[in-house]
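1. got a predicted structure here, sequence first:
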Amino acid sequence: MRFFGLKTKIILNTGIIILLSALLTDVVLISIIRRDLIKIKIDYGNSVLERISQKFETKYKNSRNDLKSDFSAVVSAIEDLIGKNEIKCAIIFGTGAEKQCHGVNINRTNLKKLERYAEKARQSGIKGTDFKGSIFGILWEEKQHLIISTPLINNGVITGAAAIFVPLDDIYSPIWSSQKVLWIYIFLNTLILTLIGFYRIFRIQIKPIQRLVNIARDYREDDEIYFSVRKGDDKLHQLSNALNSMLKKISEGREQLYTTVHSLEKAKFELESAQADIIRAEKLASVGRLSSGIAHEIGNPVGIVLGYLELLKEKEIKQTQREDYILRAETEVNRINTIIRQLLDISRTSKTKIASVSVHEIINDIYTVLKVQPLMLDIQIKKELEAEKNIIKSDSNLLRQVFLNLAINAADAISLREKNFAGKLKICSRVENVEKPGKTGFAEMLIISFIDNGPGIPDDKINDIFDPFYTTKEPGKGTGLGLYVSFMIVESLGGYIKASSEFGRNTCISIYLPLEEESVEAAVAG
């Protein structure tokens with residue numbers, strides 16, 4: 001958490017709230033002062049009209065209820081009353097053709113306006129108050145003028161009316177002048193109160209939170225940590241309790257996680273060991289099957305070598321014949337060495353090592369081993385390696401075991417045919433754009449197929465052949481793990497294996513393996 005940013009936000013928000021509060025208070029005060037000053041103006045205007053009414057009544061009585069001939073004296077008296085201030089006045093007397101209208105401190109245009117207000121008051125007999133014009137006052141537009149009108153009554157009879165025009169400009173200017181000073185105080189008070197408020201908030205809230213954050217930030221798995229705050233900080237105390245409870249649950253969950261991970265690692269190790277044992281057992285079974293044929297294959301060259309050695313014992317043979325016998329014996333020994341080396345390569349148990357391997361090279365090696373096996377003597381093995389790209393990421397020994405298992409299974413299937421049946425095993429390869437494992441899209445994959453002309457597999461059994469311990473062989477002749485191990489190895493290489501069969505005619509086992517990315521890119525570039 002960036003506390004500098006948090007502090008800035010607190011200062012800004014506190015300052016804005018205090019400033020808005022002060023400004024709103026100022027607006028309320030301005031409204032109250034404005035209202036009171038306008039009321040004073042209205043009261044002043046009413047008092048002026050009251051004195052005008054009194055003057056009018058006095059003059060009316062002195063003229064013996066007849067002001068028509070001496071109305072100018074009334075106007076002069078009103079002028080003396082109003083003086084030279086900004087109040088403008090209009091007074092009317094009489095009606096119809098005898099109506100007279102005079103103004104005080106007013107021009108003709110404004111006199112006409114006031115005359116209308118005075119006439120309205122004379123006709124209605126009611127005092128009137130109105131506002132006219134607009135001017136920018138303090139913070140917004142205000143009314144510029146106050147107009148007050150009143151009927152003039154003598155002896156209960158309305159004999160005339162008067163209206164005055166009171167300017168309001170003079171009440172806004174003092175308020176505006178005082179606002180400038182007031183705003184300076186508002187901003188100073190806002191600054192001071194903001195700093196005081198921030199200091200209090202920092203001491204009461206931010207500092208304890210920062211302490212909790214620092215404790216949490218420096219927390220290590222092996223630490224005995226405890227979040228603590230003052231007891232008076234109720235909400236922070238609740239937060240610290242919640243954090244302590246959370247840490248306790250995390251610690252308990254971590255222990256459970258460690259236990260679970262350890263159990264999973266142990267189970268994974270045991271599973272891998274079991275898989276390795278299964279693969280090893282199946283490899284030994286395959287090697288056992290091959291050993292009988294290899295023992296027979298080795299017997300012939302050994303007999304030939306022994307014969308040449310007997311000939312070499314004779315003293316009468318020529319040097320050229322001796323050298324020829326030695327070369328022939330050496331050839332047979334090399335043949336034995338090759339057969340034994342191939343068997344050792346197949347039976348060798350080594351740590352799995354994933355590397356770039358050529359599938360075609362492995363198939364050629366298997367082909368060399370198989371063609372000398374007694375179980376393959378009556379079977380024609382044909383290779384159709386048409387794949388342009390055959391480099392994959394794999395362990396060569398694992399891949400060799402898969403191919404050997406499939407070839408031995410094919411030979412066993414063909415052996416179930418009638419005697420002297422012409423068995424055939426075709427090993428072919430191709431590259432196709434097919435669906436990837438898990439149906440995650442399409443990609444180019446290397447497909448290796450082992451096709452035999454054995455009796456085939458019934459449709460209701462085709463899906464069971466990759467199950468562990470599934471076999472149709474007689475007891476003692478098969479473990480039922482060959483195809484299962486092959487399936488497991490192919491899956492570990494990121495591929496999959498499929499089987500198809502025409503019962504009574506043939507069986508095809510196809511292996512789908514992902515090509516090495518580098519080889520694919522090189523082929524595309526080429």
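-> Okay, I see it.

2. the protein: helices as residue ranges?
-> Secondary structure of the chain (DSSP state H): helices at 3-62, 71-82, 108-124, 169-201, 207-217, 234-313, 319-347, 359-370, 396-415, 482-492, 517-525.

3. what's around Ile196, how many residues?
-> Neighbourhood size, Ile196 [other CB atoms under 10 Å]: 12. Heads up, the C-betas are built off the backbone N, CA and C, glycines and all.

4. actually, Leu239.
-> 16.

5. again with Gly15
-> If we define neighbours as other CB under 10 Å, then Gly15 has 18 of them.

6. so it sits right up against Thr190, yeah?
-> Yes. The criterion here is CB atoms under 8 Å, and Gly15 meets it with Thr190 at 5.8 Å.

7. tell me which of the helices of the chain lies nearest to Gly423.
-> Gly423 lies closest to helix 396-415 among those, at 3.7 Å (CB to CB).

8. buried residues in that closest one?
-> Neighbour counts using 16 or more other CB atoms under 10 Å place 396-414 of helix 396-415 among the buried residues.

9. what's the angle from that helix to helix 482-492?
-> Interaxial angle, helix 396-415 versus helix 482-492 (axes from the mean of the first three to the mean of the last three CA atoms, to 10 degrees): 150 degrees.

10. residues contacting the closest residue in space to Gly133 that isn't next to it in sequence?
-> With sequence-adjacent residues excluded and distances taken as CB to CB, 6 or more residues apart in numbering, Gly133 is closest to Gln144, at 3.3 Å. Gln144 makes contacts with Phe131, Lys132, Gly133, Ser134, Ile135, Pro167, Leu168, Asp169, as judged by CB atoms under 8 Å, 6 or more residues apart in numbering.

11. recalculate using a threshold of 10 Å.
-> Phe131, Lys132, Gly133, Ser134, Ile135, Phe136, Gly137, Pro167, Leu168, Asp169, Tyr172 (CB atoms under 10 Å, 6 or more residues apart in numbering).

12. any chance of CSV for the helices of the chain, columns mean pLDDT and distance to Glu432?
-> CSV is the format used below for these (pLDDT from 0 to 100; distance: least, CB to CB, whole Å):
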stretch, mean pLDDT, distance to Glu432
helix 3-62, 79, 59
helix 71-82, 63, 114
helix 108-124, 80, 103
helix 169-201, 82, 71
helix 207-217, 71, 56
helix 234-313, 71, 28
helix 319-347, 72, 29
helix 359-370, 87, 15
helix 396-415, 85, 19
helix 482-492, 82, 16
helix 517-525, 43, 13
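
13. make a markdown table from these and add distance to Val431 to it.
-> Output for the helices of the chain, formatted as a markdown table (distance: least, CB to CB, whole Å):
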| stretch | distance to Val431 |
| --- | --- |
| helix 3-62 | 59 |
| helix 71-82 | 115 |
| helix 108-124 | 104 |
| helix 169-201 | 72 |
| helix 207-217 | 56 |
| helix 234-313 | 27 |
| helix 319-347 | 27 |
| helix 359-370 | 11 |
| helix 396-415 | 17 |
| helix 482-492 | 17 |
| helix 517-525 | 9 |
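
14. and of the ones you listed, who's closest to Ile379?
-> Nearest to Ile379, of all the helices of the chain, is helix 396-415, at 5.8 Å by CB to CB.

15. okay, angle between that closest one and helix 359-370 too, please.
-> Using the same axes, to 10 degrees: helix 396-415 against helix 359-370 is 50 degrees.

16. CA-only coordinates of helix 396-415 in CSV, if you can.
-> Presented in CSV, the C-alpha positions along helix 396-415 are these (Å, rounded to 0.1, in the frame of the first residue of the first chain):
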residue,chain,number,x,y,z
SER,A,396,15.2,-44.3,-27.9
ASN,A,397,15.0,-47.3,-25.6
LEU,A,398,11.4,-46.7,-24.7
LEU,A,399,10.5,-46.3,-28.4
ARG,A,400,12.4,-49.4,-29.3
GLN,A,401,10.5,-51.4,-26.6
VAL,A,402,7.1,-50.1,-28.1
PHE,A,403,8.1,-51.2,-31.6
LEU,A,404,9.4,-54.6,-30.4
ASN,A,405,6.2,-55.2,-28.4
LEU,A,406,4.0,-54.5,-31.4
ALA,A,407,6.2,-56.7,-33.7
ILE,A,408,6.1,-59.7,-31.2
ASN,A,409,2.3,-59.3,-30.8
ALA,A,410,1.9,-59.3,-34.6
ALA,A,411,4.1,-62.5,-34.8
ASP,A,412,2.1,-64.2,-32.0
ALA,A,413,-1.2,-63.3,-33.8
ILE,A,414,0.1,-64.7,-37.2
SER,A,415,1.2,-67.9,-35.4
